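Asker: got a structure for you, letters missing:
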């Protein structure tokens, strides 16, 4: 009987020691922790949650999360969503103090599969987000182009900022500002979607013709039979269906300003002759007219094609090419502007998030994949991807599986000696990016830090440390 009492006493003491250790762990966590029962009633919160939310435990313990939600304590509840969906849920949250939190609700089941608890971890990212943006700005200014970059980022053309954090793009913008002061013809070249129209806007805005119109014409979007009448206008009765009063063309509309001819390579040869004549004497003649008209117009042209090759093939007039190519200006592709990708992604996520009232964040792994993608469609493709992510993803945190299939495709490993990496990434960045992808894949596959460690042949503390360093969530993983 005495031995039995002693054993019970020892068991009770061990239980008390375990409870004390768990209390110490919960209370010492720098992340906020909420523990709720199966009805979303708050059982406990730790000191970090009291500090983050500026409350005391007595104010919320015993109350249901639905009640707190209705009273505006938080705008969303990870506990309620985890209870409803019976799975781990991560979301962005704003509390009653306006603090931004990443909140993860993890359901706890008993041996019979009954949901008995929900543990919610929360992290205040308000200062982290501000510091991250400040760090990006400081890094962008450290490459010797500080004044130019700051100036470029203030330009808002077509309601889109010109984000210039890559030296090659900063150089293009500096050249555009320089040629804006002249009155020469400019030929803007670059792949589709790089923003050649934005460069034309920039030149116009900083030219002596800024108070006069900038008239734009996409030569590839108008049927060949109509392009001449659109450019040069027509007199009444010039052709069947012509307006009885005639019509002014784009040259007349642009008088005193600038005419931007996009996709100039698509201009028919007959119209090329008339454009060349204007560049030589500054005069145009309406279709069906006989009286030449003077037009004070500066010409900007753009193309994604190789005009020199088209000249060699006889598909573009060599004399017109040299008249247009007085000042060539090349806009680099997005894959050449590696430093611009993440700021552009953040801008368009914020832009579309504001438009649709949906605010999303990207995991570090998703950011890495977006940064290393080639973007054959350039900025236009990046915009479309960001809009799709904002509209189509269900979670507030966008991870690798949420990205479009084209970003997730991975071919077979290259042969030794044929490995190609993104030109903008250093060796350290490549190693860190690869390590992050391996850890993210292992975390999804094993769901346990010990199993991850065994699979990667490292210790569990090493896995925990690397997950934290790579910014990968560990709250959904068990340690053993």
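Answerer: Nice, thanks for sending it over. This structure is a prediction, so every number in the text was calculated from the model and none was measured. Numbering: from 1, shown residues only.
Asker: switch to C-alpha atoms for all contacts and neighbour counts from now on
Answerer: Noted.
Asker: Count the residues that sit near residue 457.
Answerer: 10 (other C-alpha atoms under 10 Å).
Asker: Local confidence estimate at it?
Answerer: Predicted confidence (pLDDT) for residue 457: 78.
Asker: so how far is residue 447 from it?
Answerer: The gap separating residue 457 from residue 447 is 16 Å, by C-alpha to C-alpha, to the nearest Å.
Asker: Spell out the secondary structure type for the residue most central in space within the chain.
Answerer: The centroid of the chain falls nearest to residue 345 when counting by C-alpha atoms, centre = their mean (1.2 Å). Following DSSP: H, G, I helix; E, B strand; the rest coil, the label given to residue 345 is helix.
Asker: wait, is residue 52 part of a helix?
Answerer: Yes - the assignment for residue 52 is a helix, going by three-state DSSP.
Asker: and the nearest residue to it once chain neighbours are set aside, what does it touch?
Answerer: The shortest distance from residue 52 to any non-neighbouring residue, by C-alpha to C-alpha, 6 or more residues apart in numbering, is to residue 124 (6.8 Å). By C-alpha atoms under 8 Å, 6 or more residues apart in numbering, the contact list for residue 124 reads 52, 99-102.
Asker: In helices, which of those residues fall?
Answerer: Of the contacts of residue 124, the ones assigned to helices by DSSP state H are residue 52.
Asker: burial of residue 113, as a residue count?
Answerer: Neighbours around residue 113, by other C-alpha under 10 Å: 8.
Asker: My impression was that it belongs to a strand - is that right?
Answerer: No - applying three-state DSSP, one finds residue 113 to be coil, outside a strand.
Asker: Model confidence for it, exactly?
Answerer: Looking at residue 113, its pLDDT reads 88.
Asker: cool, and residue 191?
Answerer: Residue 191 is assigned a predicted lDDT (pLDDT) of 91.
Asker: doesn't residue 333 make contact with it?
Answerer: Yes - the criterion here is C-alpha atoms under 8 Å, and residue 191 meets it with residue 333 at 6.5 Å.
Asker: Run through the stretch 201-350 of the chain and note the low-pLDDT ranges.
Answerer: The model of the stretch 201-350 of the chain has pLDDT under 70 over residues 237-245.
Asker: which residues in it form strands?
Answerer: 214-218, 258-262, 283-284, 293-294, 298-303, 327-330 (DSSP state E, counting those that start in this stretch).
Asker: and the last one, how far from the chain's centre?
Answerer: Distance of strand 327-330 from the chain centroid (C-alpha atoms, centre = their mean, to the nearest Å) equals 28 Å.
Asker: Buried residues, that strand. List them.
Answerer: By neighbour count on 16 or more other C-alpha atoms under 10 Å, the buried set for strand 327-330 is 327, 329-330.
Asker: domain ranges for the chain?
Answerer: In the domain annotation for the chain, the residue ranges read 31-124, 154-185+197-326, 333-412+419-424, 426-480 (automatic domain parsing).
Asker: how about a markdown table for those, with distance to residue 25 added?
Answerer: Formatted as a markdown table, the domains of the chain follow (distance: least, C-alpha to C-alpha, whole Å):
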| stretch | distance to residue 25 |
| --- | --- |
| domain 31-124 | 10 |
| domain 154-185+197-326 | 44 |
| domain 333-412+419-424 | 27 |
| domain 426-480 | 14 |
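Asker: what bridges to the residue nearest to residue 52?
Answerer: residue 101 (DSSP bridges).
Asker: so who does residue 181 touch?
Answerer: The contact partners of residue 181, taken as C-alpha under 8 Å, 6+ apart, are 206-208.
Asker: For the residues you listed, pick the one with the most neighbours.
Answerer: In terms of neighbours by other C-alpha under 10 Å, the contacts of residue 181 top out with residue 207 at 20 neighbours.
Asker: Chain neighbours aside, what residue packs nearest to it?
Answerer: Nearest residue to residue 207, sequence neighbours excluded (C-alpha to C-alpha, 6+ apart): residue 180, at 4.7 Å.
Asker: Contact partners for the one you found?
Answerer: 202-204, 206-208.
Asker: please redo it, this time with the cut-off set to 6 Å
Answerer: Residues in contact with residue 180, defined by C-alpha atoms under 6 Å, 6 or more residues apart in numbering, are 203, 206-207.
Asker: Including distance to residue 250, could the contacts of residue 181 go into TSV?
Answerer: Below are those laid out as TSV (distance: C-alpha to C-alpha, whole Å):
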residue	distance to residue 250
206	21
207	19
208	20
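Asker: show me where the stretch 1-150 of the chain has helices.
Answerer: Shown for the stretch 1-150 of the chain, the helices assigned by DSSP state H, counting those that start in this stretch span residues 2-28, 47-53, 57-60, 65-70, 78-85, 126-141, 146-152.
Asker: sorry, back to before: most tightly packed of the strands of the stretch 201-350 of the chain?
Answerer: Of those, the one with the most neighbours on average (mean count of other C-alpha atoms under 10 Å) is strand 258-262, at a mean of 26.
Asker: what separates the residue lying closest to residue 249 once chain neighbours are set aside from residue 255, distance-wise?
Answerer: Distances taken as C-alpha to C-alpha, 6+ apart put residue 233 closest to residue 249, at 3.6 Å, once the chain neighbours are dropped. The spacing between residue 233 and residue 255, counted by C-alpha to C-alpha, is 13 Å.
Asker: Ok, residue 37 next?
Answerer: Residue 37 is 74 Å from residue 255, by C-alpha to C-alpha.
Asker: Figure out which of the strands of the stretch 201-350 of the chain is closest to residue 29.
Answerer: strand 327-330 (53.4 Å; C-alpha to C-alpha).
Asker: so residue 74 bridges to which residues?
Answerer: Beta-bridge partners, per DSSP bridges, of residue 74: residue 95.
Asker: wait, doesn't it sit right on residue 92?
Answerer: No - counting by C-alpha atoms under 6 Å, residue 92 is not a contact partner of residue 74; they are 10.6 Å apart.
Asker: Residue 375 in helix, strand or coil?
Answerer: State at residue 375, reduced to three classes by three-state DSSP: coil.
Asker: for the stretch 351-480 of the chain, what spans make up the strands?
Answerer: 361-362, 397-398.
Asker: Show me what the first one pairs with in its sheet, parallel or antiparallel.
Answerer: In its sheet, strand 361-362 lies beside strand 397-398 (parallel), with partners assigned from DSSP bridges.
Asker: which residues touch residue 41?
Answerer: 62-64.
Asker: And the pLDDT for residue 416?
Answerer: At residue 416, pLDDT is 38.
Asker: residues contacting residue 182?
Answerer: No contacts exist for residue 182 under C-alpha under 6 Å, 6+ apart.
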